[in-house]
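>>> Below are the sequence and a predicted model; questions follow.
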Amino acid sequence: MRKQLSVTFACLLLASATASAQSWKPYEEAAKGKAYEKSDCVTLLDSTLVSVQPTGQGSFAVCKVMKVQTPKGAVANRVIKYDYDPLTAHAEFKRVTVYRADGKVENLDVTKACDYAAPARAIYWGARQIMLEVEALQPGDVIDYEIAKKGFTYALLGAGDEDESRFIPPMRGQFYDIVPFWSSEPTVRKVYKVTVPMEKEMQFQFYQGECASSMRYEDGRKAYTFAMDDMMPFAKEPNMVDLFDAAPKLMMSSTPHWKDKSLWFNKVNEDYGSFAPLPEAQKKVDELIKGKKTEMEKIAVLTHWVADNIRYSGISMGKGEGYTLHNTKMNYTDRCGVCKDIAGTLISFLRMAGFEAYPAMTMAGSRVESIPADHFNHCVTVVKLSNGTYMPLDPTWVPFCRELWSSAEQQQNYLPGVPEGSDLCITPVSDPENHYVRIKADNRLDADGTLRGTFTITAEGQSDSNIRRIFTTGFQSEWKNTMERQLLAVSPKAKLLSVDYGKNPKDYQAAPIQITFRYEIPNYALKGEGEMFFRPLVMNNLYNQVRSYLRIDTSVENRKYGFKDGCSRLMELDETIQLPAGYKLASADKNEAMQGTGADFEGSLAQKGNKVLLHNKLALKKRVYEASDWESFRNAVNAHKAYGEYLVIKK
């Protein structure tokens with residue numbers, strides 16, 4: 001790795017984001033080191049200069065200089081794309097220059113850039129992309145471009161003659177940004193600089209790494225500069241937490257406290273009238289809560305109705321989309337929307353039922369830091385209970401789910417928009433028992449190797465939702481076929497003799513799911529001279545779709561970063577196998593137990609009379625784990641999986 005470039009030179013470079021041609025040459029020399037030589041392309045300079053106005057509006061100049069080093073890198077960079085949201089932004093290329101390896105310099109015509117609708121799925125808010133084709137590149141070519149932008153949040157914009165009020169952030173006067181200091185390709189130097197009016201206060205913190213930082217007074221403004229040299233691609237680990245929770249990042253905000261954001265979020269929606277009552281919706285609410293006596297019964301029936309009946313499909317209402325929740329009339333009439341519309345519908349329903357309810361912002365996928373630089377991407381509901389506490393509800397994530405708050409979101413930050421204001425909150429860990437999967441099998445192994453028997457599977461919480469999904473969202477004509485496929489995953493010779501999933505398995509609120517299978521599997525055991533080999537049925541690919549922990553590679557000995565599973569979960573597997581006359585288990589009895597911060601395990605395997613008894617209990621305690629939890633998680637899961645190895649019985 002090279003030594004840091006001259007600080008003086010770096011400051012001169014930062015003085016203008018549109019520095020003179022080839023000012024990046026010193027970085028090209030630095031990129032000749034061993035750390036860069038095998039990369040398909042190298043970013044020589046990644047520079048962002050932001051000028052913040054008193055309104056909070058930011059004008060951005062984003063410069064990037066990339067050097068192509070291989071044919072693969074040439075193909076990857078032949079087109080430059082940039083995303084923006086036209087409701088709050090406009091983006092345009094200011095310049096694009098290609099410095100060819102043979103010495104030629106090409107200034108591309110930026111007026112030929114395309115501006116088109118960005119690909120979208122489920123959320124149709126009119127997002128757009130700008131694109132400019134660089135055409136054929138060769139190893140050694142350097143691309144130097146700048147994008148001019150104006151606006152707020154991540155929607156990066158370019159100036160225009162239209163009304164610029166749309167570029168002012170919703171929380172007028174406030175500026176924030178979250179800047180990843182990582183990249184998919186090696187970067188010689190990354191710089192982020194923001195200047196603000198002298199009267200504007202700004203707090204910041206750099207997380208999960210170090211950078212050079214400074215605050216200076218320049219031309220009557222405060223200038224904050226952050227820089228990092230030799231930024232290598234972040235080494236990821238399988239199933240690791242989001243990069244925002246592991247890789248270096250800068251967070252800055254002019255908002256003093258999360259409570260200020262909470263108060264603003266409450267006011268903006270109350271002023272808009274997002275939750276105004278609607279007569280036809282009131283009629284539905286009265287119908288739903290009729291006969292419900294307790295507050296939790298009422299909360300549950302309203303949450304489940306909204307979750308099951310408002311389809312996830314986002315359409316734009318135009319100005320105000322994002323933080324402003326659509327009103328009751330629009331939501332109840334359209335019966336579709338994104339998370340904020342579904343949460344808003346529930347808030348309206350709860351208020352019409354006499355509850356005090358408000359919206360809350362959350363960040364799905366990663367944690368939210370103490371610096372109030374909001375990168376929320378999800379909206380939920382909080383309802384005030386009779387004891388004065390607020391309970392979070394998420395109708396978006398609980399369609400046909402027995403929970404009111406999806407435990408696939410446990411350990412997630414949220415900020416309630418309540419009239420008294422709130423600090424940042426976090427959802428607690430859900431006990432593994434709340435998401436159990438229990439399989440109990442009673443089998444008989446015949447002398448010819450055929451396995452006959454029954455097993456019953458029961459499940460609760462997130463496990464229930466996973467197993468029940470074929471009944472709640474699938475075609476009824478596929479129900480039995482889906483059950484049969486569970487057995488075929490155990491053995492292609494399996495025959496489903498009968499299956500009992502009750503009269504109405506779609507009714508997820510009635511009770512935890514319960515399904516009983518009766519089957520036979522010819523030649524399930526491999527036969528040898530006086531011996532047979534087979535795997536316990538409950539450990540042999542049965543309902544693996546709910547066992548998300550099996551998709552975590554436990555051969556990895558150590559972890560540097562935290563990791564995630566689908567949900568906390570309890571697996572209880574019990575099997576009785578009646579052996580053919582005269583056969584005995586060749587291996588010694590097993591009986592073990594272990595406990596840890598990440599997981600607990602207990603298991604046993606023994607023969608009693610002519611029966612082999614297997615017991616397996618695995619408790620996975622979290623959804624998001626620390627790196628320090630890995631040892632106990634790995635040991636418990638590996639011990640659990642070991643009971644799925646072949647058993648040998650001998651005459």
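Arrived safely.
>>> give me the number of residues near residue 641?
For residue 641, the neighbour count with other CB atoms under 10 Å is 15. The C-beta positions use only the backbone N, C-alpha and C, and glycine is treated the same way.
>>> just so I have it, where are all the helices in the stretch 351-500 of the chain?
461-473, 479-490 (DSSP state H, counting those that start in this stretch).
>>> ugh, wrong one, I meant the chain
Secondary structure of the chain, counting by DSSP state H: helices at 7-14, 25-30, 71-76, 258-272, 279-289, 295-309, 328-334, 339-352, 461-473, 479-490, 630-642.
>>> Please identify the most buried of those.
Mean neighbours per residue, mean count of other CB atoms under 10 Å, is largest over those for helix 339-352, with a mean of 26.
>>> Surely residue 583 touches residue 534?
No - using CB atoms under 8 Å, residue 583 is not in contact with residue 534, being 11.0 Å away.
>>> what residue ranges in this protein are flagged as low confidence?
Within the chain, the ranges that satisfy pLDDT under 70 run 1-22, 152-167, 316-323.
>>> repeat that with 80
For the chain, applying pLDDT under 80 flags the ranges 1-23, 85-89, 120-126, 151-170, 314-324, 364-366, 374-375.
>>> Not counting sequence-adjacent ones, nearest residue to the residue lying farthest from the centre of it?
Within the chain, the residue lying farthest from the chain centre (CA atoms, centre = their mean) is residue 582, at 53.9 Å. Distances taken as CB to CB, 6 or more residues apart in numbering place residue 651 nearest to residue 582, at 4.9 Å, with adjacent residues excluded.
>>> Residue 302 too?
In this structure, residue 302 finds its nearest non-sequential neighbour in residue 349, 4.7 Å apart by CB to CB, 6+ apart.
>>> before we move on, what about residue 369?
residue 251 (5.6 Å).
>>> Any idea what residue 624 is bridged to?
Residue 624 has these beta-bridge partners by DSSP bridges: residue 564.
>>> show me what contacts it?
241, 410, 411, 562, 563, 564 (CB atoms under 8 Å, 6 or more residues apart in numbering).
>>> Likewise for residue 519?
Here residue 519 is in contact with 452, 453, 454, 487, 494, 495, 496, 497 (criterion: CB under 8 Å, 6+ apart).
>>> Residue 395 now?
Counting by CB under 8 Å, 6+ apart, residue 395 has contacts 303, 306, 307, 310, 342, 343, 345, 346, 381.
>>> now it: how far from residue 233?
As defined by CB to CB, to the nearest Å, residue 395 lies at a distance of 39 Å from residue 233.
>>> hmm, back to that, for the residue nearest to residue 369, the count of nearby residues, please.
By other CB under 10 Å, 22 other residues sit near residue 251.
>>> How about the one 4 residues further on?
Residue 255 sits with 22 neighbouring residues when counted by other CB under 10 Å.
>>> my read: it touches residue 174, true?
Yes - assessed by CB under 8 Å, residue 255 is found in contact with residue 174 at 4.9 Å.
>>> Counting neighbours, which bits of stretch 350-362 end up buried?
Judged by neighbour count using 16 or more other CB atoms under 10 Å, the buried positions of stretch 350-362 are 350, 351, 352, 353, 355, 357, 358, 359, 360, 361, 362.
>>> what's the overlap in contacts for residue 583 and residue 534?
residue 649.
>>> The residue nearest to residue 369: what's it in contact with?
Counting by CB under 8 Å, 6+ apart, residue 251 has contacts 176, 177, 178, 179, 204, 205, 206, 207, 369, 371, 373.
>>> ok, so of those, who is nearest residue 507?
residue 369 (42.2 Å; CB to CB).
>>> Please list all residues in contact with the closest one.
Contact analysis of residue 369 by CB under 8 Å, 6+ apart lists 205, 207, 251.
>>> quick revisit: is it true that the residue nearest to residue 302 touches residue 307?
No - look at residue 349 against residue 307 with CB under 8 Å: they stay out of range, at 11.1 Å.
>>> Not counting its neighbours along the chain, what's nearest residue 535?
residue 646 (5.6 Å).
>>> residue contacts, that neighbour?
533, 534, 535.
>>> Return the distance of it relative to residue 609.
For residue 646, the distance to residue 609 equals 22 Å [CB to CB].
>>> same thing with residue 97?
83 Å.
>>> Which of these two has more residues huddled nearby?
residue 97 (16 against 8).
>>> contacting residues around that one?
By CB under 8 Å, 6+ apart, the residues touching residue 97 are 21, 105, 106, 107, 108, 143, 144, 145.
>>> burial count for the third one?
Using other CB under 10 Å, residue 106 has 14 neighbouring residues.
>>> again with the one 4 residues further on
Residue 110 has 16 neighbours, counted by other CB under 10 Å.
>>> Who does the nearest residue in space to it that is not next to it in sequence form a beta bridge with?
Leaving out its chain neighbours, the residue that sits closest to residue 110 by CB to CB, 6+ apart is residue 93, at 4.1 Å. Judged by DSSP bridges, the bridge partners of residue 93 are residue 147.
>>> how about residue 93, what does it touch?
So residue 93 contacts 80, 110, 113, 130, 132, 145, 146, 147 (CB under 8 Å, 6+ apart).
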